[in-house]
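A.B. asks: Any chance you could fold what I've pasted below:
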Amino acid sequence: MNVTTAIERRKLRTRRKLQRPVASGRLRLSVFRSSRHIYAQLIDSERGHTVVEANSKNLKLSGNKTLQAKAVGQALAERATAAGFRDVIFDRGAYRYHGRVKALAEGAREGGLNF
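C.D. replies: Here you go, the predicted structure:
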């Protein structure tokens, strides 16, 4: 018997919805949120290759976690535009679009990414 948790089901549901648009050639902005840090990366899903990444751990940010997430989004957007990517698909994974995940998305939009 295969038992999946609610988090795994939510994550799989989100990825299943993203499969069709990923074939359009746009990169996937994937988010991982731990209790202390937030990580974001642009993934080329066709090749399974990470193109650009940013996280609050390496940036050594101060302030509350929501402000850190926004700064990570802006840093990721700067790196992505420098690499020549502007259009992405936002993959929030199992996380709800609220709080730190929303702040990261808003920071990425302010930095110049379109999704």
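A.B. asks: which non-adjacent residue is nearest E53?
C.D. replies: Q41 (4.0 Å; C-beta to C-beta, 6 or more residues apart in numbering). Using the backbone N, CA and C atoms, a C-beta is placed for each residue, glycine as well.
A.B. asks: Identify the residues contacting the host helix or strand of that neighbour?
C.D. replies: Applying DSSP states H and E as the criterion places Q41 in strand 38-44. The contact list for strand 38-44 (C-beta atoms under 8 Å, 6 or more residues apart in numbering) reads 27-33, 49-57, 65, 68-69, 72-73, 76, 80, 85, 88, 100, 104, 108.
A.B. asks: and if you look at stretch 8-17?
C.D. replies: T4, D91, R92, G93, A94.
A.B. asks: How far away from the center of its chain is it?
C.D. replies: 15 Å (C-alpha atoms, centre = their mean, to the nearest Å).
A.B. asks: And the helices in this structure?
C.D. replies: 6-22, 56-59, 65-83, 100-111 (DSSP state H).
A.B. asks: and the second one, C-alpha only, in CSV?
C.D. replies: Right, the one you point to is helix 56-59. The C-alpha trace of helix 56-59 is given here as CSV (Å, rounded to 0.1, in the frame of the first residue of the first chain):
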residue,chain,number,x,y,z
SER,A,56,19.5,33.4,1.9
LYS,A,57,22.3,31.3,3.4
ASN,A,58,25.0,32.4,1.0
LEU,A,59,23.8,36.0,0.7
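A.B. asks: heads up, I number from 785, so please use that
C.D. replies: Okay, residue one is now 785; in that scheme the one you just asked about reads as helix 840-843.
A.B. asks: Summarise which helices and strands that helix is packed against.
C.D. replies: The contact analysis (3 or more C-beta pairs under 8 Å, 6 or more residues apart in numbering; DSSP states H and E) places helix 840-843 against strand 822-828, helix 849-867.
A.B. asks: Just put the ones you listed in JSON lines and tack on mean neighbour count, distance to K795 and mean pLDDT.
C.D. replies: Below are the helices and strands packed on helix 840-843 laid out as JSON lines (neighbours: other C-beta atoms under 10 Å; distance: least, C-beta to C-beta, whole Å; pLDDT from 0 to 100):
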{"stretch": "strand 822-828", "mean neighbour count": "21", "distance to K795": "15", "mean pLDDT": "94"}
{"stretch": "helix 849-867", "mean neighbour count": "20", "distance to K795": "19", "mean pLDDT": "96"}
